[in-house]
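Visitor: pasting the sequence and the predicted model now:
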Amino acid sequence: MGLPSSRLWLAIRLPDLPLTALSTDDSETPVVVADKKRTVYVNPVAQRAGVQLDMDITTAQLLSGCEIIERDTAQEQRVLHRLSEQLYHFSPYIDRYCSPVSAQSGLLLEISSCLKLFGGVQGMMQRITTSLNQTPYGFLFGLAHSSRAAWLLSFAAYDIDGNETRTAFLERLYPLPIQLLDDYPAACESLSRMGFNTLGDIARQISHQSLRSFKKRFGHEFTELLAEIFNIDQDFAQNTLFEKPRDTYRPDEWFEDEIQFDYPITTVDQLKPAFENLLTALGDYLRKRQQQCHTIEWRMTDIYRRKASTTVRSDQPQSQWQLLYDLTLIQFENKELPFEVDALRLICRQTLPRQNANHLLDLEQHRRRKSTTADFATTIARLKARLGDAAVYKFGYHDSRVPELTQVAMALAEKSRQDLPDIYQQALRPAWLLDAPEIIEERHQRLYWHGYLTPHVGPERIIGDWWNAPVARDYYLATRQDHLPLWIFFNLYDKRWYVQGVFA
Amino acid sequence: MRYTHLYTTTNFTFLTGASHPDEYVYRAHELGYDAIAITDECSLAGIVKAFVAADQLGIKLIIGSRFVLSNGMQLIAIAPSRTAYAELSGFITLARRRAEKGSYEAHFEDLRFRLRHCFIIWLADRYQDIAVATATELANAFKDRLWIGINHQLQSGEQQDFSRWHQLSVEKNIPLVACGAALMHCNDRKPLQDIVTAIRHNTPLQEMGTRLELNGEAYLKAFHQLAKLYPPALLEETCVIADRCHFSMKELRYQYPQELVPDHLSPIQYLRQLVDEGKKKRWPAGVPATVETLIANELAIIEELNYEYYFLTVHDIVCFAREQHILCQGRGSAANSVVCYCLFITEIAPGQINVLFERFISLERDEPPDIDVDFEHQRREEVIQYIYQKYGRERAAIAATVITYRSRSAVRDVGKALGLDETLIDHLAKNIAWWDKSTDLQKNVASLGLDINSQLLMHFFSLVQQIRGFPRHLSQHVGGFVISEGRISDLVPLENASMPDRTIIQWDKEDLEAMRLLKVDVLALGMLSALRRAMDYITAYDSRIRSLQDIPKEDKATYQMLSRGDSVGVFQVESRAQMAMLPRLKPQCFYDLVIQIAIVRPGPIQGDMVHPYLRRRAGKEAITYPTAAVKDVLKQTLGIPIFQEQVMRLSMVAAGFSGGKADELRRAMANWGKNSKLLSYEKEFKDGLLNNGYTQEFADRLFEQIKGFGGYGFPESHSASFAILCYFSSWIKCHHPAAFYCALLNSQPMGFYSPSQLIQDARRHGVTIFPVDINQSRYEYTLEKDAQGKTGIRVGFIAIGSLNTEKAQTIEIFRGEQPFTSLQDILKRTTLNDTDLENLASADAFLTIVGNRYRARWQASALLPPSALLKDSEKDSDDLLMDGPTLEENVMDDYASIGLTLRAHPMEILRKEYPFNRCVRHIDLINLPHKGFVRIAGIVTGRQRPGTATGVMFVSLEDETGTSNVVVWSTTQETFKKQLLTGKLLIIKGTVDILTDDVGAPIVHVLAGHLEDVTDRLQSLTLRSRDFH
């Protein structure tokens, strides 16, 4: 079927990835992974209960009482990325393959040029297997002359002995069902309706009438795919001469730099020039790549190779080194070094593209606002560095009829609701709401809360949240004897008075 | 203290109000209000229900409507007089017709000139600034018809806001009035009100926030509560408004179109003239004296009640249909009228049944008669368009149907609004069977292992229960037309239906009945289409049969066929229950068919009338009558009351009821179980019997039968109208089976059976079925002679569901006399594209010119446009190497493409495999011992659960030899509910029940004990099962 390509592809398919990527223990109970309410992965226990792929989740649950987990494709991609990093030292040519229809995905490695280094196919496969066995992911191999053929052969349970010829690859491909060509669902469906069941059926038809009869029916792209699978040179296209260049895998890049001291460092002050030096280098690195970062890691070692690490985080991504320097100093403030430091290393693993903000022409006001924003960011970062992330939060508005549910503490980075409903413009609502309503005492038949209270305006009746924690209250504006205006209510359930807020 | 509630939003402001209109009225009456206004948003849809309750309680009802204008202003318009009512109804119509279905558009500018007599309550809005100019304009336009409505709901800032409006009131001299909004009749509906709001916003409650009402104060309050909210003057003002309202819904009487009557004649003269003409045609040999008397009596009542126009209008519509050769026939109570018979509206002659005119019209009852006319379902639209054309859209409109929440929709919407897990909701909704009781929902949830006592689920159960029966939206009635002399919008608002260019009124059938408005039901009946087609086919080859009237009466062979239970496709007696009854009843004459149709109904079954009747018919029980009068009534049904009319007659002749009273009794029977007044008639009925010398035992037994009869009894007139069509269709099936099945197939969808089932039945009757063929088929199924010269049926392109209809219709035109020779030839000579060819190839329509469907698809997928063909660039060297499809593949493809197969039945294929090879075929059931064990397998083609108390369910199970009737008792249903609901292929183990005594043909049932769902074995066979209930 034409001139052979010299390439050799190894497909590593991860059949359980939708589940294993989620790090769920599935050995005992029925579990399915679902995407758009249909099953994309079914564990063996659920399979035994009759659950099948592409079944609606209601049926699946009825059949097996299975746990349903939503598919996380981003997580799957992260796993594939990690595996690519891991396998990079076997071959620089690594592609990812993710089926657009099923939940099958995996990696495709072009290994022809690396075989000598690892002692042939067998040797290489052994080492890759050893490497992958250290991961929690199940895997299946396919070896063939092209990436798609290798991928398809990962569905055929053949042992790879390393002596396979192209003819052997083709023979192994022939019994496979055409449904595996699922990235061309229309063509696959049509072929099935014309009586084609296996790849061998297609190969027979091609050998009888060439690829043209497929091309005019299913288009150029699909024919290209067939040519790749069956290793066919089409119509003097001389595929082997103009073979598609292999994509070289680009491993992750990160910043890492170190300063070795001439003498042991015993105080933080002595570290400051090194901090500055390394952070300046990081600043250059980021600027040249138009990147910014959130997190840096300081790693100190002594002459005995003991290590100590400190991580510095900033809420806002930084492309300049100054704030990171300030935050580092805060982090090390009042700290004693764990040992006499021999070397200081700065590591920044994750960067992200720099967001280029629009800059207005230099207006005074704008500059002031900008500087205020920057100051605020610095202050927050400093507070967090000193008090910890959890200690710094902001209040956001949550739309609810129940007053105490309208204020929620949220992380600073979270987006809070900006528009308040009309009721806040029209109704009496205090600026300060207590965390929880406080009981008002009754003294001498008068209401008393740090002083006697006199209700003035009201009631405003609030009834709601009946589905959760029912609330039924009559609210009043009251004045304390020191003229402090308060928002108080009478609880219609327990018949008691409470203070809820203080007006400004 | 006096008070009138002026701002009421019922649940006819869909998904806003949380109480029914009558609940408000009852509550207002309880609270001692002077009056209550129903003011739904741009709607009068709920007012009739409120009116019925108000009329009953004697409380004053005020009609109004609330509008949110395009400028954000809110106001209530109230109709104090008939003129104002017409204005209001017209204004709603205008606003509704401007907008899409379900919404409206009203502008401030409309008010002044459109509402010249209505009272306007400008609703004070706390969130809007008061535009003085607007106030001035309103005050100038409406003068003493304008109020400012103050709505106090214990919300913040009400007191301050009141002073603002008070000031305006003083400045502009516009009185203030207490106008507290009510969204529910009592405040315990607050959760339901929140739920409907959440449903309206399509958002779970938990995320609704301030979109929910602040509190539950929008309800009808007691006087002491009102006194705390409003100054006395504002409460007094409500009654000032009420006192100025004089309009009552009782004033709404409308006139039927009068243009049908020639100028020189009065309506009754014209009607009499038409009846005279008609009776001569009906009785060419002379009208019997009894009939003349009946006609005279009927015409006298019609004249007295002024119903002439109604009869003339229906007559005009029927005449149009006949002129267009559209088959039509009146059904229902109208068949009791000899006048209708003379006008050719109905087909039941007085001698055929015991007509009872009181069942149709009664002087005492003073309720509008109801004439329902069936038309060919495929041509009914022509009749509808005629009505629109003749009377115009202003004078003719279709009644609404109120779509209400049922269990399944309630579970879905309430579950979603409560934020329940979608999978759980889906599961619960799918597992609600049509026969489930409300408590079954709790059982269903409990079976999933969920805690049914959890707070959220308790709310869920309660709210699902509460929302059931709540209106969801208005839809179009199946064919109820209201036609008036003047504008309909003067009576009731119109709004857009979802169908383009279709308008509906805001009232449904019950509202029209309550308002005594006449409506004509223009109904669609598939069997009429089928009969017309069958007659066309038969006339083409048998000149003796030119119309339905030429069909020989009382044909013995036809009755023999029916006595064997051979009635697939026959009108009204084709259900499994009817088929099981036919061999028992063994109909011998037309009246037997009238009984047959009426007896297989829950009423006679629950009233224990079936077995006594059958025993008496078989001569196993003596036929006795307590008196001659009773004998006169029950003679034709052997002493057993089977029809509603007989109960009415008995009450007249034995209990001394008047005709009207007897009809009231019938109505009470019809509503038995739904707050019916039936029991209030018990004493009067029994006393009447005892006074006339009947025994207490007879009186008790008769009344028990009446109760059993309940709402499920069939009127004799209705049954007789249907029996005519039943006989015609039976005769055609018996003598012209090919024409019969061909007509049914071309009239789909109709009846109980799918095309696949009809074709199988046709083959069992020796009719040859030819497959769809590009060179032989036409668009519809057609008759074709087989090799023996017998008439068979050729499957038409209509069977290929995926084929574009217009294109399918053109194939035979392009083909003409010259058959197609290849796919290229088809492409060249027709407008079919590659997708159409693919669809035809899938249906195996190219078998004779290309070969099997694999080859056909292969070729169809590579055809070039005709221009390229001309260049002859494509050589024919493109053969497919693949073998042809196997039998199984062909069968599956047949079902997938045309929904039926002429090859082997799927069961025939599966029969070779375990466990199907151990199942008995339908045809062999008869050879098993009675009560013996049996295992059968088949495709579920029907599930039917008659509304009887026993809760039995009939499942039709089809295999390659026929259809078995499986009886599933309620305990088995409970155990195998899932299999019953979702199984398409079942294996059923049970016992066989064979009845051979006194039957026209053995009756075989399988009593199910165990059901196994083996649908997966069908793979992709797509058979559709139909559920009937």
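Guide: In hand now; what should we look at?
Visitor: and A:L434, that's in a helix?
Guide: No: the assignment for A:L434, made by DSSP: H, G, I helix; E, B strand; the rest coil, is strand rather than a helix.
Visitor: next one: it from A:W497, what distance?
Guide: As judged by CB to CB, to the nearest Å, A:L434 and A:W497 stand 14 Å apart. In short, each C-beta sits where N, CA and C put it, glycine included.
Visitor: more neighbours: which of the two?
Guide: Neighbours of A:L434 and A:W497, each counted by other CB atoms under 10 Å in any protein chain shown, are more numerous for A:W497; the result is 24 against 16.
Visitor: verify the stated contact: B:G708 with B:R601.
Guide: No: contact criterion CB atoms under 8 Å: B:G708 and B:R601 do not qualify, at 11.4 Å.
Visitor: the closest residue to A:G50 other than its chain neighbours: which element?
Guide: The shortest distance from A:G50 to any residue other than its chain neighbours is 4.7 Å, reached at A:L63 (CB to CB, 6 or more residues apart in numbering or on different chains). Using DSSP states H and E, A:L63 maps to helix A:57-64.
Visitor: what residues does that helix touch?
Guide: A:30, A:32, A:34, A:37-39, A:42, A:45-46, A:49-51, A:66, A:68, B:423, B:426-427, B:430, B:978 (CB atoms under 8 Å, 6 or more residues apart in numbering or on different chains).
Visitor: so where's the stretch 251-400 of chain A shaky on pLDDT?
Guide: A:355-374, A:377 (pLDDT under 70).
Visitor: how far off centre is stretch A:200-219?
Guide: Averaging C-alpha positions (CA atoms, centre = their mean, to the nearest Å) puts stretch A:200-219 42 Å from its chain's average.
Visitor: quick one: end-to-end distance for that stretch.
Guide: By CA to CA, to the nearest Å, the extent of stretch A:200-219 from end to end equals 20 Å.
Visitor: buried residues in it?
Guide: A:200-203, A:205-206, A:211, A:213-218 (16 or more other CB atoms under 10 Å in any protein chain shown).
Visitor: and the residues you listed, which two are furthest apart?
Guide: Pairwise distances across those (CB to CB) peak at 21.7 Å, for the pair A:G200 and A:K216.
Visitor: how many neighbouring residues does residue 487 have?
Guide: In the absence of a named chain, this looks at chain A. Neighbourhood size, A:W487 [other CB under 10 Å]: 25.
Visitor: switch to chain B, please.
Guide: For B:R487, using other CB under 10 Å, the count is 16.
Visitor: which residues touch the residue lying closest to it once chain neighbours are set aside?
Guide: Once flanking residues are discounted, B:R487 sits nearest to B:E394: 4.9 Å by CB to CB, 6+ apart. B:E394 is in contact with B:487-489, counting by CB under 8 Å, 6+ apart.
Visitor: reformat those as CSV; add secondary structure and distance to B:P500.
Guide: Putting the contacts of B:E394 into CSV (DSSP: H, G, I helix; E, B strand; the rest coil; distance: CB to CB, whole Å) gives the following:
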residue, secondary structure, distance to B:P500
B:R487, coil, 22
B:I488, helix, 19
B:S489, helix, 20
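Visitor: closest to B:S362 among the residues you listed?
Guide: Using CB to CB as the measure, the one of those that approaches B:S362 most closely is B:I488, at 26.7 Å.
Visitor: so where does the nearest residue to that closest one once chain neighbours are set aside fall, helix or strand?
Guide: Nearest-residue entry for B:I488: B:A397, 5.2 Å, with adjacent residues in sequence omitted and distances by CB to CB, 6+ apart. B:A397 belongs to strand B:396-404 when assigned by DSSP H and E.
Visitor: which positions in that strand come out as buried?
Guide: B:396-402.
Visitor: with stretch A:398-408 instead?
Guide: If you call a residue buried by 16+ other CB under 10 Å, then stretch A:398-408 has these buried ones: A:399-403, A:405-406.
Visitor: and whichever residue of the stretch 351-500 of chain A sits closest to chain B, what are its phi and psi?
Guide: Using CB to the nearest CB, the closest approach of the stretch 351-500 of chain A to chain B is made by A:D399 at 2.8 Å. The phi/psi pair for A:D399 (degrees, to the nearest 10) reads phi -70, psi 110.
Visitor: what is the burial count for the closest residue to it other than its chain neighbours?
Guide: Of all residues not flanking A:D399 in the chain, B:G209 sits nearest, at 2.8 Å (CB to CB, 6+ apart). B:G209 has 20 neighbouring residues, counting by other CB under 10 Å.
Visitor: I'd assumed A:L420 was in contact with B:G209.
Guide: No: using CB under 8 Å, B:G209 is not in contact with A:L420; the gap is 10.8 Å.
Visitor: which pLDDT value goes with whatever residue of the stretch 51-200 of chain A ends up closest to chain B?
Guide: In the stretch 51-200 of chain A, no residue comes nearer to chain B than A:G195, which is 3.7 Å away by CB to the nearest CB. Listed pLDDT for A:G195 reads 90.
Visitor: ok so, going back, okay, the helix holding A:L63 in CSV with CA atoms only?
Guide: C-alpha atoms of helix A:57-64 as CSV (Å, rounded to 0.1, in the frame of the first residue of the first chain):
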residue,chain,number,x,y,z
ILE,A,57,-27.2,9.4,34.4
THR,A,58,-30.8,8.9,35.8
THR,A,59,-30.9,5.4,34.2
ALA,A,60,-27.4,4.7,35.4
GLN,A,61,-28.3,5.7,39.0
LEU,A,62,-31.4,3.6,38.9
LEU,A,63,-29.6,0.6,37.7
SER,A,64,-26.7,0.7,40.1
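Visitor: that one: which residues count as buried?
Guide: Judged by neighbour count (16+ other CB under 10 Å), helix A:57-64 contains these buried residues: A:57-64.
Visitor: any idea how far the residue of the stretch 51-200 of chain A closest to chain B is from B:W858?
Guide: A:G195 is 8 Å from B:W858, by CB to CB.
Visitor: of those two, who's got more company?
Guide: Higher neighbour count among A:G195 and B:W858: B:W858, with 27 against 21, using other CB under 10 Å.
Visitor: pretty sure the more buried one contacts B:L880?
Guide: Yes: counting by CB under 8 Å, B:W858 sits close enough to B:L880 to count as a contact (4.1 Å).
Visitor: need the overlap of contacts for the two.
Guide: Counting by CB under 8 Å, 6+ apart, the shared contacts of B:W858 and B:L880 are A:M194.
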